[in-house]
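In: below is the sequence, then the predicted model.
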Amino acid sequence: MKEFFKKRNKKLDNSGIALITVIVVIGFVSILATIILYVTGKNYYMKTTDTKIKASFYTAETALEMIKADLLSMSNDAFCEAYKDTMINYTAVANGSDRETNYFNAFVDAFEADFNSRLDMTQTKPIEAYFKSVVGAGYEAGLTVDCTALDITAASGYLIIEDFTLVYTSSEGYDTIIKTDFLVRAPEVNWYASQSRSAFPPGADTAAELSREKHDIAETVIYYNWEKW
C-alpha cells in the first residue's frame, strides 16, 4: 500500500503548472506585441500617406502660383500701357468718368492682346498648353490643366479666366485637384483730377514704379471660388 500511495503522489505532482503558466504568458505577450506592432505600423502608414498627400498638394499649389505670377506679370504690363495711354490723352477726354472708362478699356485690351499673343493656336487646347508651358517641364508628366477662355468685362476693367482646373499626380500616384477662377482687374486710379502735366508724376519714371508706390500689383490677380480636393 505504501508503494501505491508513493506512485499516486508522484502522479499528482503540480510541477507542470509552471510550464503551462510560462506558455500562457508567452502567448499573451505575443498577442500584445502583435497588436502593438500592428497599431504602430498602421499609424506610420497613415502619417506617411498624409505626408505624401501634403507634398502632392504643395507641388500642385506651387504650379498654380507660377501660373498666377505669369498673369501678374501680364497685368503689370497692361497697367503700364493703360496708364500711359490714358495720361497722354488726359486733356483730350472731357471728364473723369470717361477717362476711367478709357483706362479700363485700355487695360483689358492690353492684357487680352498680351495673353492671346502667348497662345500657340496650332495646339488642340492652346490655353491649357500655354499654362503648362508656364509651369515648366518638371511638372508635365503629372500635370493636367483645363479651363475656359477669358470672360471680359471691359467697362469695369476686369477679366476672368473661368473654371480653371489643375490636376497634379505625384510620382507615388497621389492626385491633387485644385479648381478656381482667376480674376484679373485693373488697379484703381483717380482720374477725376482736373489736369495732368505729364504721363507720369514727378518721382515716378514708369507706370510700374507708380504702381509700386500706390498700388499692390499682387492684388490685381486673385483666386476666386477656390476649391481643393
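Out: Alright, I've got the coordinates.
In: quick one, longest helix in the protein?
Out: Longest helix in the chain, counting residues (DSSP state H): helix 17-88.
In: mean confidence for that one?
Out: For helix 17-88, the mean pLDDT works out to 89.
In: helices or strands next to it in the packing?
Out: Packing contacts for helix 17-88, counted by 3 or more C-beta pairs under 8 Å, 6 or more residues apart in numbering; DSSP states H and E, involve helix 96-117, helix 126-135, strand 158-169, strand 175-185, helix 207-214, strand 221-228. Every residue, glycine included, has its C-beta placed from N, CA and C.
In: buried set for the last one?
Out: Put plainly, it is strand 221-228. Val221 (16 or more other C-beta atoms under 10 Å).
In: so what strands line up beside that strand?
Out: Here strand 221-228 is paired, per DSSP bridges, with strand 175-185 (antiparallel).
In: specify the angle between the strand it pairs with and helix 17-88 in degrees.
Out: Interaxial angle of strand 175-185 relative to helix 17-88 (axes from the mean of the first three to the mean of the last three C-alpha atoms, to 10 degrees): 20 degrees.
In: tell me the centre residue of the chain?
Out: Glu61 (2.7 Å; C-alpha atoms, centre = their mean).
In: what's the neighbour count on the residue lying closest to that one once chain neighbours are set aside?
Out: Nearest non-adjacent residue to Glu61, counting by C-beta to C-beta, 6 or more residues apart in numbering: Ile178, 7.0 Å away. Number of residues near Ile178 (other C-beta atoms under 10 Å) recorded here: 19.
In: which ones are touching Ile178?
Out: Listed by C-beta atoms under 8 Å, 6 or more residues apart in numbering, the contact partners of Ile178 are Ala60, Glu61, Leu64, Thr165, Leu166, Trp226, Glu227, Lys228.
In: ok, now which ones touch the fourth one?
Out: Think Thr165. For Thr165, the contacting residues are Thr144, Val145, Asp146, Cys147, Ile177, Ile178, Lys179, by C-beta under 8 Å, 6+ apart.
In: how about 10 Å then?
Out: Glu128, Thr144, Val145, Asp146, Cys147, Thr148, Ile177, Ile178, Lys179, Thr180, Glu227 (C-beta atoms under 10 Å, 6 or more residues apart in numbering).
In: give me the buried subset of the residues you listed.
Out: Those of these that meet the buried threshold are Glu128, Val145, Cys147, Ile178, Lys179, Thr180, by 16+ other C-beta under 10 Å.
In: for these, which one is nearest Ser97?
Out: Nearest to Ser97 among those: Thr180, at 32.4 Å, using C-beta to C-beta.
In: check what pLDDT the closest one gets.
Out: Confidence score, pLDDT, at Thr180: 92.
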